[in-house]
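J.: I'd like to go over a predicted model; first the sequence, then the structure.
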Protein chains: 2
Amino acid sequence: MATKISARSAAGTRDFLPEEMALRRSVRRVIEDTFELYGFQPLETPAMERLDVLTGKYGDDADRLIFKILKRGDELKAGLESGELSDLALRYDLTVPLARVIANNRDKLVFPFKRYQIQPVWRAERSQKGRYREFIQCDADVVGTTSVSADTEIIALTDDILTRLKIPSYQIQINHRLLLQALVDSSEIPPERFLDACIAIDKLDKIGWDGIREELIQRSFPLSSIRKLMDLLAITGEPMYIIRELQTRMKMSPEAEKALNDLQAMFTSLRAMAVPENHLRLSLSLARGLDYYTGPIFETIIEVPRLGSITGGGRYDRLIGIFSGEAIPATGTTIGIERIFDVIKALNISIDDQEPISSVMVVVFSEEVRPEATSITAELRRVGIRTEIYLDEAKKLGKQFSYSDRRGIHFVIIAGPDEISRGEVIVKNLKTGDQLVIKRDQLVRYLLNL
Amino acid sequence: MATKISARSAAGTRDFLPEEMALRRSVRRVIEDTFELYGFQPLETPAMERLDVLTGKYGDDADRLIFKILKRGDELKAGLESGELSDLALRYDLTVPLARVIANNRDKLVFPFKRYQIQPVWRAERSQKGRYREFIQCDADVVGTTSVSADTEIIALTDDILTRLKIPSYQIQINHRLLLQALVDSSEIPPERFLDACIAIDKLDKIGWDGIREELIQRSFPLSSIRKLMDLLAITGEPMYIIRELQTRMKMSPEAEKALNDLQAMFTSLRAMAVPENHLRLSLSLARGLDYYTGPIFETIIEVPRLGSITGGGRYDRLIGIFSGEAIPATGTTIGIERIFDVIKALNISIDDQEPISSVMVVVFSEEVRPEATSITAELRRVGIRTEIYLDEAKKLGKQFSYSDRRGIHFVIIAGPDEISRGEVIVKNLKTGDQLVIKRDQLVRYLLNL
């Protein structure tokens, strides 16, 4: 026999055993079915991309997190000379691969192209942070239209998915990149300090009003600008009220105009789609990746458990065209599926189709009657009943019952030589201990009626 | 605008656009559902494994095909000194990861453990051979029992999957590692020449009887042994007949005894499960990875299209225990899902749940009535009708019809200001050109009845 050898899994990776898999698959199917209900189409891309496709797209910090694949054979030898050891890498997200697919298939795809993609991504995070180095990302995007209807569609889709997953008390916060700019403009903050101001504003949920004022003072914004900005940010109420207030109180510019028109159209459509109003908030302090997003932005937060945002996205009109050298508008969201798995586990939410894997176990009274047990098994499977037969050598029935029990299978079927000669079977409920003798030819009907 | 930059995908990898994805997902769901009908449970493992977990398990040739991941940061610097540039690698198959999971979860899993796993694997094959470097593998295995019932279960499962996928005229060839040994023994070929003989025998399907005789002569086996061996291999007929003939004509040994008993039990059970007899063949010349398999072996071949085997497996009692240093019996099969995709495409087989992604398109008569169109869209989705709304700016209806048509959506719904004021909508069939005006509140019922 071989001696025991290392069986450790890679740091930051996970195995998903059957129980965990059942939950993950149910959630995934709900999300997929909802995507398709909205006409989003599935796309899959390879895990490996050419290194030059990935690098330089995410910024230097992110580039350091890309897992690179070592060259092989002669190319590795040459690489050791030149210092270029890698030619391929594992994808870091699903957006750059989408951009590549769009560039390569302009004539095959129908635009606006609505695609979803649910696949793992890899990031070389320090594993001591408790972060995973391999995790599922789940994206839906609409590529090829500047129309704000596409942004609305993404928000309605997000709401529908979270409702179907029974996530309690979430809120989709909505804002607009151009509105943030208009708010900062109206407060007489010069454009070059826009990012600086946004970094402070974005912290509202974390550090509160006083915290933001402190931070803006520390970043040496004039007090008059701080007061103006905070007065605008403080407008609360339902979205249409906020929009009207801003129309009167903000310095209007083409950007401000565009932002408020977009938001008005979005909230009008979301109402027409009957998205519950308490799921939505126009959040003037929401800022997300400002060098990335160009229009409406959105993010879903939940209060319990405190896991940060569970979805996030927006319009990003500059990235998708990067490979084709032309402007291709796009909007979309990431559904934070790994966080959603955690929420569902933490709150013990049951997803409807999470059925136990097997419903019935046919025990084998003795090896002599295995063919009979096998034939019952096949018969039940033919009508769609999830059925197992005891596979190990038929010994004590107690051992077989205990196997069924540990597998979570409550009904066992027994056919010993006596039952077989009388054309009968025993159905035993392991939970209650009840058992019932029935005619073999009544078995299917009996089980289907259970 | 950015200049055009490289958008090539990595050699030997593929993107799956929506049409292809629809087929792949349907096939995958049929396979998953069948696995679960038989009580197999899903497992997923990470793409990345520690390099030492993977190397030395597959032989030197295969080791060269493992994609290694470059070390990062300080470890890479140290690695450049020591020559150890890699610490992680992409999984090469699903069996070694299974062995690792078993070793790490002996107390959590219930044995016999029936697992299935459908995930990509990576192999650095030369891409000019037209082989893929990333492809889906689909495995079902029973771990923890030596009972031949488990082997039978795998064969029944294979047959059920291929039937549900409507694969025409396939044949599952079955043999036994110990029977091959007994056949060679009976022909007075010394044990050390067993592998040598099997390499020739295994080619029967390719080079025919004369070819095998030639090859055995070239490999300088005695003519008397060749005649004896070929006489035994030539026994044909239904499995029980072949088994009886071998019982009388072969030199019986404990191995021969065990092999024939196993095969007898398997074919008896397969009959009890009503697996059609013309799907099965006891094929005495079938040899598969002889240093790997230890008991029954099986392989499915199809005549058209000529793609080699579409499933393959057997009992391998020596690999799964490799990490825990103990003997853990196992049997299982690979369903060659990538080849099956190819067969289904080549033969134009339609899988039942391959429905078109979207069923209905709500066109937007003008931007003024978009809220109305949006509300119809939401209403149809609520009852489960896959519905899209035209997302781009509402211009000519003709452009919207053409978009629907290119997306394969035949029914469009139109609500202009006149229809809206009368509480009506138009349903237009783009294929026939027919259109019908109906009351808005009848729309759902009308579409559900289509």
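T.: That came in fine, so what should we check first? Residues are numbered from 1 along each chain as shown, chains lettered A, B, ... in the order given.
J.: where does the stretch 51-200 of chain A have low pLDDT?
T.: Filtered on pLDDT under 70, the stretch 51-200 of chain A yields the residue ranges A:128-130.
J.: quick one, strands of it?
T.: Assigned by DSSP state E, counting those that start in this stretch, the strands in the stretch 51-200 of chain A fall at A:68-70, A:86-90, A:113-122, A:134-143, A:170-176.
J.: need those in CSV (columns: mean neighbour count and distance to residue A:250).
T.: Placement of C-beta: from N, CA and C, glycine included. What follows is the strands of the stretch 51-200 of chain A, written out as CSV (neighbours: other Cβ atoms under 10 Å in any protein chain shown; distance: least, Cβ to Cβ, whole Å):
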stretch, mean neighbour count, distance to residue A:250
strand A:68-70, 23, 47
strand A:86-90, 23, 45
strand A:113-122, 23, 34
strand A:134-143, 22, 29
strand A:170-176, 23, 12
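J.: tabulate the ones you listed (TSV), appending distance to residue B:426.
T.: What follows is the strands of the stretch 51-200 of chain A, written out as TSV (distance: least, Cβ to Cβ, whole Å):
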stretch	distance to residue B:426
strand A:68-70	55
strand A:86-90	50
strand A:113-122	24
strand A:134-143	26
strand A:170-176	33
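J.: residue B:62 is nearest to which of the ones you listed?
T.: strand A:68-70 (16.6 Å; Cβ to Cβ).
J.: before we move on, back to that, can I get the strands of the stretch 51-200 of chain A in JSON lines with distance to chain B?
T.: Compiled in JSON lines, the strands of the stretch 51-200 of chain A are given as follows (distance: least, Cβ to the nearest Cβ, whole Å):
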{"stretch": "strand A:68-70", "distance to chain B": "4"}
{"stretch": "strand A:86-90", "distance to chain B": "5"}
{"stretch": "strand A:113-122", "distance to chain B": "7"}
{"stretch": "strand A:134-143", "distance to chain B": "5"}
{"stretch": "strand A:170-176", "distance to chain B": "16"}
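J.: what does the stretch 151-300 of chain A have sitting close to chain B?
T.: A:152-153, A:156, A:160, A:265, A:268-269, A:271-274 (Cβ under 8 Å from any Cβ of the partner chain).
J.: filter these down to the ones in helices?
T.: Secondary structure from DSSP state H places A:152-153, A:156, A:160, A:265, A:268-269, A:271-272 of those in helices.
J.: and those residues, which two are the farthest apart?
T.: A:160 and A:265 (19.5 Å).
J.: before we move on, the earlier item: from the ones in helices among the residues of the stretch 151-300 of chain A next to chain B, pick the one nearest residue B:184.
T.: The shortest approach to residue B:184 among those belongs to residue A:160, at 64.0 Å (Cβ to Cβ).
J.: surely the closest one is in contact with residue B:381?
T.: Yes: the pair residue A:160 and residue B:381 qualifies as a contact (Cβ atoms under 8 Å) at a distance of 7.4 Å.
J.: now for the residues of the stretch 151-300 of chain A next to chain B, which pair is the farthest apart?
T.: For those, with distances taken as Cβ to Cβ, the pair at the greatest spread is A:160 and A:265 (19.5 Å).
J.: now do the strands in the stretch 351-450 of chain A.
T.: For the stretch 351-450 of chain A, strands defined by DSSP E, counting those that start in this stretch occupy the ranges A:360-362, A:387-389, A:411-414, A:424-429, A:435-439.
J.: quick one: strands adjacent to the second one?
T.: In other words, strand A:387-389. strand A:360-362 (parallel) (DSSP bridges).
J.: who touches the partner strand?
T.: Outside strand A:360-362, the residues within contact range by Cβ atoms under 8 Å, 6 or more residues apart in numbering or on different chains are A:373, A:376-377, A:380, A:385-390, A:400, A:403-404, A:407, A:409, A:411-413, A:415, A:447.
J.: so residue A:43 makes contact with residue A:116?
T.: Yes: contact criterion Cβ under 8 Å: residue A:43 and residue A:116 qualify, at 7.2 Å.
J.: among the strands of the stretch 351-450 of chain A, which is nearest residue B:82?
T.: Using Cβ to Cβ as the measure, strand A:387-389 is the one of those that comes nearest residue B:82, at 50.3 Å.
J.: centre of the chain to that closest one, how far?
T.: The offset between the C-alpha centroid of strand A:387-389 and the centroid of the whole chain comes to 34 Å, using Cα atoms, centre = their mean, to the nearest Å.
J.: ditto for stretch A:200-211
T.: Relative to its chain's centre, stretch A:200-211 lies at 27 Å (Cα atoms, centre = their mean).
J.: residues near the residue nearest to residue A:222 when sequence neighbours are not counted, how many?
T.: Excluding its sequence neighbours, the residue lying closest to residue A:222 (Cβ to Cβ, 6 or more residues apart in numbering or on different chains) is residue A:188, at 7.6 Å. Residues near residue A:188, counting by other Cβ atoms under 10 Å in any protein chain shown, number 13.
J.: quick check: end-to-end length of stretch A:231-249?
T.: Its first and final residues considered, stretch A:231-249 spans 10 Å by Cα to Cα, to the nearest Å.
J.: quick one: contacts of it?
T.: By Cβ under 8 Å, 6+ apart, stretch A:231-249 touches A:174, A:179, A:183, A:186-187, A:201, A:204, A:209, A:250, A:256, A:260, A:263-264, A:267, A:277, A:280-282, A:284-285.
J.: in helices, which of those appear?
T.: Members of the contacts of stretch A:231-249 lying in helices (criterion: DSSP H): A:179, A:183, A:186, A:201, A:204, A:209, A:256, A:260, A:263-264, A:267.
J.: save these as JSON lines, and put in neighbour count and distance to residue A:327 too.
T.: Listed next are these as JSON lines, based on neighbours: other Cβ atoms under 10 Å in any protein chain shown; distance: Cβ to Cβ, whole Å:
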{"residue": "A:179", "neighbour count": "27", "distance to residue A:327": "22"}
{"residue": "A:183", "neighbour count": "27", "distance to residue A:327": "26"}
{"residue": "A:186", "neighbour count": "20", "distance to residue A:327": "28"}
{"residue": "A:201", "neighbour count": "22", "distance to residue A:327": "28"}
{"residue": "A:204", "neighbour count": "18", "distance to residue A:327": "32"}
{"residue": "A:209", "neighbour count": "12", "distance to residue A:327": "39"}
{"residue": "A:256", "neighbour count": "21", "distance to residue A:327": "22"}
{"residue": "A:260", "neighbour count": "21", "distance to residue A:327": "23"}
{"residue": "A:263", "neighbour count": "24", "distance to residue A:327": "23"}
{"residue": "A:264", "neighbour count": "16", "distance to residue A:327": "25"}
{"residue": "A:267", "neighbour count": "22", "distance to residue A:327": "27"}
